[in-house]
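Chemist: after the sequence you'll find the predicted model.
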Amino acid sequence: MRAGELAGVRVRLEEFASDVFAPLIRRDQRAKGALYLRGLLLDGRRKSMQPMAERLGVDHQQLQQFMTTSTWQVRDVRARLAWRAVAVVRPQVWVVDDTGFPKDGRSSPGVARQYSGTLGKVGNCQIGVSVHAASDTASCPLSWRLFLPAAWDGPDAEARRRACRIPDTVHHRAKWQLALDMLDELDATGLRPAVLVADTGYG
């Protein structure tokens with residue numbers, strides 16, 4: 001990519017980040033949000049904090065603080081992303097589905113031995129439930145939720161919940177309930193599907 005093209009990409013990325021993170025009140029949060037976004041887009045398989053920070057040439061604590069301890073309204077940012085996605089994808093349908101993320105160990109939030117369509121079998125994984133805008137040529141998530149298995153509720157799970165900073169108000173909900181929550185949230189922003197599709201797991 002030539003220098004002029006690269007400069008144009010940077011400008012467009014800055015404009016995008018400025019719009020998406022506009023609801024964040026503090027300037028330093030908006031700056032860290034743009035930094036985190038740039039880290040996600042850089043080459044490299046691992047998208048966790050430390051590898052991204054190394055590629056960006058910054059202290060990973062900046063990214064860590066933005067994602068784990070800085071207070072900002074995820075819902076407002078997600079709504080802006082959803083509106084942008086609908087404008088680009090021009091969806092013919094919305095698709096409700098879930099995706100498995102294979103994991104080693106048992107420390108990641110929501111990880112358990114459970115069925116994953118991605119794996120095609122029962123495996124140790126996290127499950128994310130999503131609502132996608134889809135057309136013949138493109139697809140993009142409008143919203144997503146981490147599925148918390150029932151094993152993550154109750155006294156036996158207290159230590160794991162604390163380690164993962166799972167709020168006391170967040171508990172196991174069926175996947176179809178998570179899908180309805182997301183559809184209600186999107187509806188509140190003025191977004192509604194022409195057609196909604198899902199498999200039998202969602203009723």
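Modeler: That came through fine.
Chemist: ok, how many other residues are close to Val86?
Modeler: The tally of other residues near Val86 (other Cβ atoms under 10 Å) stands at 17. C-betas here are computed from N, CA, C, even on glycine.
Chemist: and stretch 136-148, how far from the chain's centre?
Modeler: Centroid displacement of stretch 136-148 relative to its chain, using Cα atoms, centre = their mean, to the nearest Å, is 8 Å.
Chemist: tell me which residues in it are buried?
Modeler: Residues of stretch 136-148 classed as buried: 140-143, 145-148 (neighbour count, 16 or more other Cβ atoms under 10 Å).
Chemist: and what of stretch 31-48?
Modeler: Of the residues in stretch 31-48, 32-36, 38-39 count as buried by neighbour count, 16+ other Cβ under 10 Å.
Chemist: and the strand of greatest length in the chain, what does it pack against?
Modeler: The longest strand of the chain (DSSP state E) is strand 121-134. Here strand 121-134 touches helix 74-89, strand 93-102, strand 112-116, strand 139-147, helix 175-188, going by 3 or more Cβ pairs under 8 Å, 6 or more residues apart in numbering; DSSP states H and E.
Chemist: using PDB, list the CA coordinates for it.
Modeler: C-alpha atoms of strand 121-134 as PDB (Å, rounded to 0.1, in the frame of the first residue of the first chain):
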ATOM      1  CA  LYS A 121     -19.300 -31.800  19.200                       C
ATOM      2  CA  VAL A 122     -19.200 -31.300  22.900                       C
ATOM      3  CA  GLY A 123     -16.000 -29.600  23.900                       C
ATOM      4  CA  ASN A 124     -14.500 -27.200  26.400                       C
ATOM      5  CA  CYS A 125     -15.500 -23.800  25.100                       C
ATOM      6  CA  GLN A 126     -17.300 -20.500  25.500                       C
ATOM      7  CA  ILE A 127     -20.500 -19.800  23.600                       C
ATOM      8  CA  GLY A 128     -21.400 -16.500  22.100                       C
ATOM      9  CA  VAL A 129     -25.000 -15.800  21.000                       C
ATOM     10  CA  SER A 130     -25.300 -13.200  18.300                       C
ATOM     11  CA  VAL A 131     -27.800 -11.400  16.000                       C
ATOM     12  CA  HIS A 132     -26.300 -10.800  12.600                       C
ATOM     13  CA  ALA A 133     -27.400  -8.600   9.700                       C
ATOM     14  CA  ALA A 134     -27.100 -10.600   6.500                       C
END
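Chemist: what about it, average pLDDT?
Modeler: Strand 121-134 comes out with an average pLDDT of 96.
Chemist: centre of the chain to it, how far?
Modeler: 12 Å.
Chemist: quick one: contacts for Ala151?
Modeler: Ala151 sits next to 112, 157 when contact means Cβ atoms under 8 Å, 6 or more residues apart in numbering.
Chemist: show residues contacting stretch 93-109.
Modeler: The contact list for stretch 93-109 (Cβ under 8 Å, 6+ apart) reads 111-112, 114, 116-119, 123-134, 139, 142, 146-148, 152, 160, 163-164, 166, 175, 179, 193-199, 201-202.
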